[in-house]
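[1] got a predicted model here, sequence first, then my questions.
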Amino acid sequence: MINLLDLDKEQLKGLMGGQSYRGSQIFGWVFGRGVRDIGEMTNLSKQLRQELSEKAVISYPELVRTEVSSDGTEKLAYRLHDGHIIESVLMPGKGQHYSLCISSQVGCAMGCAFCFTATMGFKRNLSVSEIVSQVLSPLNAYPDRQIRNIVFMGMGEPLLNYDNVIKTVRILTDKEGPQFSKRRITISTCGILPKLATLSKDTEAALAVSLNAPSSGIREKIMPVNSKYPLEELLAALKAYQLPNRRRITLEYVLIKGVNDRIRDARELIRILHGLKVKVNLIPFNPWPGCHLRAPDPEAVLAFEEVLRNSPFAVMLRKEKGKDILAACGQLAGHVVNARQEAL
Ligand code: SF4
């Protein structure tokens, strides 16, 4: 059986024998209105609905757990058809505005030392339906909440599930779908250079890069990806990245005690970022059980931030969200929810 949540508009049109009008109608029902039953598509004839039901379903992963933090952050856990569990985090911002952090893989192969997901290893990529349903589920369950920002910062490296992530963004930004603004969807990567080279051509979603170090020597200690795609090459790729006017790349920098949180690291960071259109998001490390890395001292965080404030780069210090339910950065049962807050 085909899951309609896996198909974009073009594929739905194909499913309907090339009739783009029908493809658009079904797209609107599935992604715009979030119906879960083909029988509810009332502008299709009964016969058409019957024929469609014989070859397709609308199948969502099961929501198996919701945990709510004292600050209003919600961690949503879904069971996939093969039993794997993935998590998303819904974070309240100003008023009724929310940001949603979603996963793109089960586990992750990248092995970042500060990331809990890395301890799971890589299991598999998520399908389009498994990614898009993480957005549609809360969107339809909480109609009073305005989910404005989507961040691919849950479990997994989005650029290693490139095609499905790009297709999901296309669906989420479609005028007959959930109509998210491209600027309000952020794809976060640890720096998969071959994919970064094509990303700006394939999507206008915002880009965030998990940088975390002012030198290759430090980065290599905490991010194995650096040995394949070194910091110097990553910075060159960011310089070449095609950005729409007035847009910036967000650089995530997880501050880890004694590793990358010294004043000289901040100064070196400013030096290496020269000429780049970036803003820096500082994230004090959240230790998780069994991790040898430590949280930075609050004074060190403030001092690091202060150095960056006196640089040409905008800097944001991440507020902790969902710490009491292990939904803060680096604590998702599967990963680093490097959930960005700059848009909150
Ligand atoms: S930080 Fe991101 S890329 Fe690194 S291991 Fe965790 S999920 Fe993977």
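    Okay, I see it.

[2] can you tell me which residues contact L235?
    Residues in contact with L235, defined by CB atoms under 8 Å, 6 or more residues apart in numbering, are 272-273, 276. Every C-beta, even on glycine, is put in place using the N, C-alpha and C of the backbone.

[3] in strands, which of those residues fall?
    Among these, no member is found in strands (DSSP state E).

[4] who wins for neighbours among the residues you listed?
    L273 (20 neighbours; other CB atoms under 10 Å).

[5] which residues sit in contact with that residue?
    When contacts are counted by CB under 8 Å, 6+ apart, L273 is found next to 235, 251, 280, 311, 313.

[6] nearest residue to the second one in space, please, no chain neighbours.
    Taking CB to CB, 6 or more residues apart in numbering as the measure, L251 lies nearest to L211, with 4.5 Å between them; neighbours along the chain are not counted.

[7] and the one you found, what's its pLDDT?
    On the pLDDT scale, L211 is placed at 97.

[8] tell me the one among the contacts of L273 nearest to L52.
    L251 (45.7 Å; CB to CB).

[9] which stretches of this structure form helices?
    When assigned using DSSP state H, the helices of the chain occupy the ranges 9-15, 20-27, 46-55, 128-141, 162-173, 193-202, 216-222, 225-228, 231-240, 263-272, 298-309.

[10] out of those, the one nearest the ligand is which?
    Distances from the ligand to each of these were compared using CB to the nearest ligand atom; the minimum, 7.2 Å, belongs to helix 225-228.

[11] starting at the chain centroid, how far to the closest one?
    In terms of CA atoms, centre = their mean, to the nearest Å, the gap separating the centre of helix 225-228 from the centre of its chain is 21 Å.

[12] got it, and stretch 204-212?
    Taking the mean C-alpha point of stretch 204-212 and that of its whole chain, the gap between them comes to 10 Å (CA atoms, centre = their mean).

[13] rewinding a little: could you dump the helices of the chain into CSV with mean pLDDT and distance to L255 added?
    As requested, the helices of the chain are arranged in CSV below (pLDDT from 0 to 100; distance: least, CB to CB, whole Å):
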stretch, mean pLDDT, distance to L255
helix 9-15, 96, 43
helix 20-27, 96, 43
helix 46-55, 96, 52
helix 128-141, 97, 28
helix 162-173, 98, 27
helix 193-202, 96, 24
helix 216-222, 97, 11
helix 225-228, 98, 18
helix 231-240, 97, 17
helix 263-272, 98, 9
helix 298-309, 98, 6
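
[14] could you save those helices as TSV and add columns showing distance to the ligand?
    As requested, the helices of the chain are exported to TSV (distance: least, CB to the nearest ligand atom, whole Å):
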stretch	distance to the ligand
helix 9-15	29
helix 20-27	30
helix 46-55	36
helix 128-141	14
helix 162-173	13
helix 193-202	13
helix 216-222	9
helix 225-228	7
helix 231-240	13
helix 263-272	18
helix 298-309	19
